[in-house]
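Colleague: Okay, predicted coordinates and the sequence, questions at the end:
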Amino acid sequence: MIYIKVEEDSLRYVQQRLGKNAAQAPFAICNAANQTATWARRELLTAAQARYTVSSGGFNKNATIKRASPATLTAIIRVKGATLMLTRFKTSAPKSGAKAAVLAGSGLQTLLYGGNIKAFKGSVAAGKKSTGAIMQRRGPSRYPVKVLHGPSVPKMVEMVYTGKGEAGLKTKIEAMYHAKLDAQIKKVLYS
């Protein structure tokens, strides 16, 4: 979860800047937090899809926003979901062995276990229907078979949010919140 939370001293700062309109401070902060959360959700998902080779179907529904209110000045971006099947990423499954690329630009890598056991594409029952999956045997016998998965949507978003240097969106989101807050303060003062 990513929080856009307002501290007590920030509320006092906004009230001081608004002067005689200090009663409007919670509304200005609430609007700025909600606008930032909406923008940040879109940016985080776009950046995650650019960094990873995941297909977009169903990817965006995993992130929801709990909006701030004047009483609770915190907007929350909730990202949920289990690990995604490897077939949701860029894959190729010729008879010579399955290949996959999870990170964009990394190229397809052959999936091997123990140096020589290759992965293959097969069918897995998922509820009432069966779906294609990349699987791997753990030994010379036919079973057990392990279905291979990539990272989950929360993990991909976390990596984009806390990335190193310019890659991370945390400082960009904080800067956007302050810009939106300044715009809301000006809106109250000049309306």
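Modeller: All right, it came through fine. As the structure is a computational prediction, the values presented were derived from the model and not from experiment.

Colleague: Find the residue ranges of the protein scoring beneath the pLDDT cut-off.
Modeller: Across the chain, the stretches falling below the confidence threshold (pLDDT under 70) are 114-115, 126-130, 165-167.

Colleague: By residue count, which strand of it is the longest?
Modeller: Ranked by residue count and defined by DSSP state E, the top strand of the chain is strand 129-137.

Colleague: Each with direction, which strands does that one pair with?
Modeller: Here the strand partners of strand 129-137, with direction, are listed using DSSP bridges: strand 120-126 (antiparallel), strand 145-147 (antiparallel).

Colleague: Contacts for it next, please.
Modeller: By C-beta atoms under 8 Å, 6 or more residues apart in numbering, the surrounding residues in contact with strand 129-137 are 85-87, 91, 93, 98, 100, 111, 113, 117-124, 143-148. C-beta: built from backbone N, CA, C; applies to glycine.

Colleague: Next, the spatially most central residue of the chain: secondary structure please.
Modeller: Nearest to the mean C-alpha position of the chain, by C-alpha atoms, centre = their mean, lies V157 at 2.8 Å. Using DSSP: H, G, I helix; E, B strand; the rest coil as the criterion, the local structure at V157 reads helix.

Colleague: Please work out how many residues are found near the residue lying closest to G168 once chain neighbours are set aside.
Modeller: Distances taken as C-beta to C-beta, 6 or more residues apart in numbering place T162 nearest to G168, at 5.5 Å, with adjacent residues excluded. Counted with other C-beta atoms under 10 Å, residues neighbouring T162 total 12.

Colleague: how near is T162 to Q35?
Modeller: 22 Å (C-beta to C-beta, to the nearest Å).

Colleague: closest to A183 out of the strands paired with strand 129-137?
Modeller: strand 120-126 (46.5 Å; C-beta to C-beta).

Colleague: Give me the buried positions along the closest one.
Modeller: Applying a neighbour-count criterion of 16 or more other C-beta atoms under 10 Å, one finds 120-121 buried in strand 120-126.

Colleague: try stretch 83-91
Modeller: Within stretch 83-91, the residues that count as buried by 16+ other C-beta under 10 Å are 84-91.
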